[in-house]
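Peer 1: dropping a prediction and its sequence here:
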Amino acid sequence: MEIPLESYPTRAPVHWFVDEKENPDGLVVIVIEKNFTPLESIIAKLFRAPDNLRRPLDKMNSALWKLMDGTVTFSEIVSIMDSQFNESIAPARERCSSSISKMTDLNLVIIRTSPLSGDWDIMHSETSHHLD
């Protein structure tokens, strides 16, 4: 997916948090609610399966996630990530584009043509780390 430089990659309204206690590096954990069919729900209860999936991000993707607040253009994100991670992220545009595309495929990120103006809450959930 080619992400236009003037677009605004924006976190979708999902639960996420930074658990400073477990990861002092400020790594992001995204919590994805599972949607079970009625049969899957019975099986999940029988085997005590969790109702959600925790998806921890690495250092670079955590930084990227925090930047995607709907007010920063893709061009600005690439520039910030490049200056923060230098050669570790080179080539920055391609690496950022690849990560954002994967997050878009997972319905975690939406590519907007204009800045976010209160359409939904992109802030992290204070209580989401208590979800089990």
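Peer 2: Cool, the structure landed. Numbers count the residues shown, from 1 in each chain.
Peer 1: contacts and neighbour counts: CA atoms only from here.
Peer 2: Will do.
Peer 1: farthest residue from the center of the chain?
Peer 2: residue 46 (30.8 Å; Cα atoms, centre = their mean).
Peer 1: show me the shaky parts of the protein.
Peer 2: Under the criterion pLDDT under 70, the flagged ranges of the chain are 119-132.
Peer 1: list the buried residues of the helix or strand where residue 97 lies.
Peer 2: Element membership for residue 97 (DSSP states H and E) is helix 92-105. For helix 92-105, a neighbour-count test (16 or more other Cα atoms under 10 Å) marks 92, 93, 95, 96, 97, 100, 101, 103, 104 as buried.
Peer 1: tell me the contacts of the third one?
Peer 2: The reference is to residue 95. Contacts for residue 95 (Cα atoms under 8 Å, 6 or more residues apart in numbering) come out as residue 89.
Peer 1: for this structure, which segments are assigned as helices?
Peer 2: Ranges of helices in the chain, per DSSP state H, are 38-46, 59-67, 74-85, 92-105.
Peer 1: buried residues in the third one?
Peer 2: Using 16+ other Cα under 10 Å as the burial criterion, the residues of helix 74-85 that qualify are 74, 76, 77, 78, 80, 81, 82.
Peer 1: again with stretch 104-119
Peer 2: For stretch 104-119, by 16+ other Cα under 10 Å, it's 104, 108, 109, 110, 111, 112, 115, 116.
Peer 1: bridging residues for the third one?
Peer 2: If I follow you right, that is residue 109. Listed by DSSP bridges, the beta-bridge partners for residue 109 are residue 11.
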